[in-house]
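1. Have a look at this prediction, sequence included:
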There are 2 protein chains.
Amino acid sequence: DVGCGTGVLSMLCAKICQPSQVIAVEATESTARIADALVHHNGLQGIVTVVNRPIEMLDLSAPVDAIVSEWMGFYAFHESMLDSVLYARDKWLKPDGLLLPDSCRLWAAVVSEDGWKKDNVDFYHNYYSLDFAPFGNALALEAMANPQVQLLSTEEILSDPALVVGVDIHTVTSEQLNKIEARLSMPLKKNGNVAAVSFWFDVGFPNTDQPLCTSPFSPPTHWKQTSIFLGCFAPAAAGVQFECQVTLERASPKSRQYSITVET
Amino acid sequence: DVGCGTGVLSMLCAKICQPSQVIAVEATESTARIADALVHHNGLQGIVTVVNRPIEMLDLSAPVDAIVSEWMGFYAFHESMLDSVLYARDKWLKPDGLLLPDSCRLWAAVVSEDGWKKDNVDFYHNYYSLDFAPFGNALALEAMANPQVQLLSTEEILSDPALVVGVDIHTVTSEQLNKIEARLSMPLKKNGNVAAVSFWFDVGFPNTDQPLCTSPFSPPTHWKQTSIFLGCFAPAAAGVQFECQVTLERASPKSRQYSITVET
């Protein structure tokens, strides 16, 4: 378990999959201590071993059958631990070993952001009978300059989702993740104010076709969706082809932070 | 208007009370600039004058008829601007001038915190079929060491509200606010787990008996209520007399931060 946190996945693996051993690796000392306490509290110390160490410092007597990790950040890649999983894969996974998850897909769609606009722009036009539009506009423009992590309503989705990138965790390299680019062409399915391109992801698991999906069409998760605003709320009609260039790029090599740009 | 922020109260005064002049005083330059823009945007520049200055640096040609201020912080006094209002009152208010608000009352009641306990303690006892109680307890104890600003459900109120202090804004001095003490004796109205003493306030206005009230029995406000936890969830029966000593004390003289203690 790469970056085990409180050890919840390690313990669930221990209980459900009945392996002979689970190694729960956590770099942060205070977190590893909590994980260890919880493993004992749940009587799983015979199976789960918490190791307080960066994955790069791990020493094992033999390779492992499976790697599990909840490595995903916002829009999957931002502040994520995927690099650590890839390190663990290359160093410690048996050639035919399992990765959980073993795939990741990043999706994009054109969205209207009607809910956001109502709360952040329209609200200020009649503020206790005063017109606070200049204030609301300044706040809105400031917020729109940054990715907004928020739950979209499905009514706000104006296009079908388009695949930005599909990642096979078995084969992808850290270098391939330095820059992710896609040219997207998305026909609008209905009329609406084009405001943003929103991103979400799903991750797949071996031997099941049930991904963990963070789409606005799936039950909400803490990852929500991430919207990149285009700077205006432009009315557009069903059938219009929305074209854009999407770029995800690490702030610097090895950085876990990405900058994300959408060019129309 | 002492600490006018965006100038909303100044503009409402200008529109509703039709005075010859409103002076909107705001110490923070960027905020004063916003207030000034909004005053112009709403066509009120003939009545409302924004002055970017600490109230202590204000210079007027004549005293004012009324002082309005939204000075209240959490449990009224924490991080509040009341001292600035008192300064303005002593220096610039006519002898028979109006203060809005002109009174403030701080209330306390014994509460069960069932909602908080459910989310912060009970939740961890069955966490995806694992027992995360040690983790939940550590988080809960850490949170309980600090005042919790939260909306109470009226079912969680175990006693009638007791008055901690009533302040007449016409006469109170800054020195009197350095330390506020009260010995409270509150009979429990019903059975419940005694968990905290919760605080809220109301402020009154001249010529009306309609206070602005932040009680859990009133519509919610951003002030919510502030609970001081007692460290346990102790079952108690209706009729039991709950006694405590409440102390609000400034972190240092002139500080706008208070520490609040409840001794049982």
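-> That came through, no problem. These figures come from a predicted structure and were not determined experimentally.
2. which residues pair with the one residue sitting closest to the centre of chain A across the strands?
-> Among the residues of chain A, the one closest to the centroid is A:A76, at 2.3 Å (CA atoms, centre = their mean). With DSSP bridges applied, A:A76 shows beta-bridge pairing to A:G73.
3. Which pLDDT value goes with it?
-> A:A76 is assigned 97 on the pLDDT scale.
4. Please name the residues that touch it.
-> Counting by CB atoms under 8 Å, 6 or more residues apart in numbering or on different chains, A:A76 makes contact with A:82, A:104, A:106, A:201, A:203. Using the backbone N, CA and C atoms, a C-beta is placed for each residue, glycine as well.
5. List only buried entries from these.
-> Buried members of the contacts of A:A76, counted by 16 or more other CB atoms under 10 Å in any protein chain shown: A:82, A:104, A:106, A:201, A:203.
6. ok, now how distant is the third one from A:V203?
-> Plainly put, A:L106 is 10 Å away from A:V203 if you go by CB to CB, to the nearest Å.
7. touching chain B at all, the helix or strand encompassing A:D119?
-> A:D119 belongs to helix A:114-120 when elements are defined using DSSP states H and E. No. Figure legend: helix A:114-120 not in contact with chain B (CB under 8 Å from any CB of the partner chain); closest approach 15.1 Å.
8. In terms of secondary structure, what does that helix contact?
-> Counting contacts by 3 or more CB pairs under 8 Å, 6 or more residues apart in numbering or on different chains; DSSP states H and E, helix A:114-120 is packed against helix A:133-144, strand A:192-204.
9. Given the helix or strand just after the longest one, what are its sheet partners and their directions?
-> Counting by DSSP H and E, the next helix or strand C-terminal to strand A:192-204 is strand A:212-213. For strand A:212-213, the paired strands and their directions (DSSP bridges) are strand A:192-204 (antiparallel).
10. buried sites along the strand it pairs with?
-> A:192-204.
11. And stretch A:65-82, by the same measure?
-> Buried residues in stretch A:65-82 (16+ other CB under 10 Å): A:66-78, A:80-82.
12. Using the record's assignment, carve chain A into domains.
-> Following the TED database, one gets these domains for chain A: A:8-100, A:103-263.
13. between these, which one is nearest to B:D96?
-> domain A:103-263 (28.8 Å; CB to CB).
14. Any idea how far that closest one is from the middle of the chain?
-> 12 Å (CA atoms, centre = their mean, to the nearest Å).
15. next one: stretch A:36-46
-> Centroid displacement of stretch A:36-46 relative to its chain, using CA atoms, centre = their mean, is 29 Å.
16. can you tell if that stretch touches chain B?
-> Yes. Residues of stretch A:36-46 contacting chain B under CB under 8 Å from any CB: A:37-38, A:41-42.
17. contacting residues for the residue nearest to A:T221 when sequence neighbours are not counted?
-> Of all residues not flanking A:T221 in the chain, A:T214 sits nearest, at 5.0 Å (CB to CB, 6 or more residues apart in numbering or on different chains). By CB under 8 Å, 6+ apart, A:T214 lies in contact with A:200-202, A:221, A:223-225.
18. go with 6 Å
-> Counting by CB atoms under 6 Å, 6 or more residues apart in numbering or on different chains, A:T214 makes contact with A:200-201, A:221, A:223.
19. Of those residues, which pair is most distant in space?
-> A:F201 and A:T221 (10.2 Å).
20. The stretch 1-150 of chain A against chain B: which residues are in contact?
-> A:6, A:11, A:34, A:37-38, A:41-42, A:130-131, A:134-135 (CB under 6 Å from any CB of the partner chain).
21. any chance you could map the helices in chain A?
-> A:8-17, A:29-41, A:82-92, A:114-120, A:133-144 (DSSP state H).
22. Now distance to A:D168 and mean pLDDT too, for those, in JSON lines please.
-> Output for those, formatted as JSON lines (distance: least, CB to CB, whole Å; pLDDT from 0 to 100):
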{"stretch": "helix A:8-17", "distance to A:D168": "21", "mean pLDDT": "96"}
{"stretch": "helix A:29-41", "distance to A:D168": "29", "mean pLDDT": "97"}
{"stretch": "helix A:82-92", "distance to A:D168": "11", "mean pLDDT": "98"}
{"stretch": "helix A:114-120", "distance to A:D168": "34", "mean pLDDT": "95"}
{"stretch": "helix A:133-144", "distance to A:D168": "34", "mean pLDDT": "93"}
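23. Ok, which of those comes nearest B:E113?
-> Nearest to B:E113, of these and by CB to CB, is helix A:29-41 at 23.9 Å.
24. list the buried ones in that closest one?
-> Applying 16+ other CB under 10 Å to helix A:29-41 flags A:31-32, A:34-39, A:41 as buried.
25. Quick check: nearest residue in space to A:V197, chain neighbours excluded?
-> Nearest to A:V197 is A:V262, by CB to CB, 6+ apart, at 4.8 Å.
26. Could you give the average pLDDT over stretch A:240-259?
-> The average pLDDT within stretch A:240-259 is 93.
27. Could I get the buried residue list for it?
-> Of the residues in stretch A:240-259, A:242, A:244, A:246, A:248, A:250, A:258 count as buried by neighbour count, 16+ other CB under 10 Å.
28. Report the beta-bridge partners for the second one.
-> I take that to be A:C244. A:L184.
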